[in-house]
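A.B. asks: What shape does this take:
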Amino acid sequence: MRRAEGRGWLLHTGEDAPYAGWGGVRALDQAWNLATAPWEGLGALARLAGLLPGGFALLWDAPVAWLDDLAPEVRAGYWKLLTQTPGLALHVRDAAFAPHLREPGRVRLQARTAPTGDLGQAWRRGWIGWVPETRAGHWELPGLGTAADAEPPAWLWGELILPLGALEHLDPVDLARTLEEAQARSEKAISLRMEAGAWPGGLPFQRRRTGWRVSFLGGREWQLAGAGWDRAGEAVRALVEALEHALRCPIHPGVSTDPLAAEALGRQAMNEGLPWRSALPLPPAPPSFTPGLGLDPRDPSPLESRCAFPRPLSQLLGPPEAALRVPAVPMEGPVGAFVAGLQTPPALRWLPPEAALPGPFMPDHPWAEAAAFPPPPDTTQVLQPALFEDL
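C.D. replies: Residues are numbered from 1 along each chain as shown. Sure, this is the predicted structure:
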């Protein structure tokens, strides 16, 4: 991955391939029939995911029963590799996927409501994530963008990451020029890869289907500086519209939960005395922005604070994925009540003690112990005072 840094921003792009991408399984099946050659398609996906620093999202836009004709051991092995391949994330909608989920995997369920039953149990155990489906016929892809049903594969040139506090101090024209230069270099490198025959087959790269990811972080610092979410929404909308006009390509705005980017941007702001440093922690604490829009998921705090997704920004940004560490596997009732109380829920992944924690692991800011985090309140067990208990 290529990494560039400027005043108030970080830029991540691929070396000689797109930064990230997504596509449906129906498009993959057109190149390799999954019923007769499942391993060829899976091998191409693995090679593709290895090229993309930001990974590849496979949208299972077909019935799970597509694989029913495979032998049971072949089908089980296929699902296992599909959900365990590094860099590859599987997005599903069909509840019939539940019997094929036998261990934690890189799986996200797209559904209008939080999962229940077998998928709900897997979700609460941290085996899968849940992405709220806010628009019919669309896939919300945390960390990537938004895809419509039956669309061809799409790609990202790279990801631009900025703290919210810097938006009103940066010139969109300068940012657009930076992205144009990075895109020109990526286009040349990708064309060289294509000419060399080193692009995995099956999912073709198309320039007109390629855009930029623009991600924001530092929501906590934005609030500490006394700014409101409506003001943040206006600044985000203005930047996205300016970049779309200048670059003439899709812009996918979202939220960055990358702690390394948050640390780098915070250190830059403090070392260079930039105007948006005012709400950063003072020494000896590391001068780091907070990943995402809420409180840091590595520190104990109320669940609502760790999955903040303010309404003015939820109308502009794709949902972030909130990783919620809890002291034990939460029960279905309290989880349902908690989710129902969120005005605009983000994508959610529970992290009970037995679930693997997401990296990177930073010595200056490790994850707190699971026992220190609060569970979802069990409102079903609240005791009502007896009618005559005071007599």
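A.B. asks: need the strands for the chain, in chain order.
C.D. replies: Taking DSSP state E as the test, the strands found in the chain are 2-6, 9-13, 20-24, 56-59, 88-92, 107-111, 129-132, 138-141, 145-148, 154-163, 210-217, 251-255, 321-325, 347-351.
A.B. asks: could the ones you listed be laid out in a markdown table, adding mean pLDDT, distance to residue 279 and mean neighbour count?
C.D. replies: C-betas here are computed from N, CA, C, even on glycine. Conversion of the strands of the chain to a markdown table gives the following (pLDDT from 0 to 100; distance: least, CB to CB, whole Å; neighbours: other CB atoms under 10 Å):
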| stretch | mean pLDDT | distance to residue 279 | mean neighbour count |
| --- | --- | --- | --- |
| strand 2-6 | 97 | 21 | 14 |
| strand 9-13 | 98 | 18 | 23 |
| strand 20-24 | 96 | 30 | 25 |
| strand 56-59 | 97 | 33 | 25 |
| strand 88-92 | 97 | 33 | 23 |
| strand 107-111 | 97 | 32 | 22 |
| strand 129-132 | 98 | 29 | 22 |
| strand 138-141 | 96 | 29 | 21 |
| strand 145-148 | 94 | 29 | 19 |
| strand 154-163 | 98 | 10 | 26 |
| strand 210-217 | 98 | 13 | 24 |
| strand 251-255 | 98 | 18 | 23 |
| strand 321-325 | 97 | 21 | 23 |
| strand 347-351 | 98 | 26 | 22 |
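A.B. asks: Serialize those to CSV and add fields for distance to residue 177.
C.D. replies: Listed next are those as CSV, based on distance: least, CB to CB, whole Å:
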stretch, distance to residue 177
strand 2-6, 11
strand 9-13, 12
strand 20-24, 23
strand 56-59, 29
strand 88-92, 32
strand 107-111, 35
strand 129-132, 34
strand 138-141, 28
strand 145-148, 22
strand 154-163, 12
strand 210-217, 13
strand 251-255, 15
strand 321-325, 31
strand 347-351, 33
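A.B. asks: Not counting sequence-adjacent ones, nearest residue to residue 18?
C.D. replies: Leaving aside its chain neighbours, residue 18 sits nearest to residue 155 (4.0 Å; criterion: CB to CB, 6 or more residues apart in numbering).
A.B. asks: Now do the contacts for the one you found.
C.D. replies: For residue 155, the set of contacting residues under the criterion of CB atoms under 8 Å, 6 or more residues apart in numbering consists of 18, 19, 20, 21, 205, 206, 209, 210, 211.
A.B. asks: Which single one of those is nearest to residue 337?
C.D. replies: residue 20 (35.1 Å; CB to CB).
A.B. asks: so who does residue 147 touch?
C.D. replies: Listed by CB under 8 Å, 6+ apart, the contact set of residue 147 reads 22, 24, 57, 59, 138, 139, 141, 154.
A.B. asks: For the first one, give the beta-bridge partners.
C.D. replies: Yep, that's residue 22 we're talking about. In this entry, residue 22 is beta-bridged to residue 57, residue 154, by DSSP bridges.
A.B. asks: right, and it touches residue 60 too?
C.D. replies: No - under the criterion of CB atoms under 8 Å, residue 22 is not in contact with residue 60, lying 11.7 Å apart.
A.B. asks: Can I get the helix or strand of the chain with the lowest mean pLDDT in PDB, CA atoms only?
C.D. replies: Per-element confidence for the chain was summarised using mean pLDDT, DSSP states H and E. The lowest value among helices and strands belongs to helix 25-31, with a mean of 89. Only the C-alpha atoms of helix 25-31 are listed here, as PDB (Å, rounded to 0.1, in the frame of the first residue of the first chain):
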ATOM      1  CA  VAL A  25     -21.400 -13.600  -6.800                       C
ATOM      2  CA  ARG A  26     -23.500 -13.700  -9.900                       C
ATOM      3  CA  ALA A  27     -20.800 -11.800 -11.800                       C
ATOM      4  CA  LEU A  28     -18.300 -14.300 -10.500                       C
ATOM      5  CA  ASP A  29     -20.500 -17.200 -11.600                       C
ATOM      6  CA  GLN A  30     -20.500 -15.900 -15.200                       C
ATOM      7  CA  ALA A  31     -16.700 -16.600 -15.400                       C
END
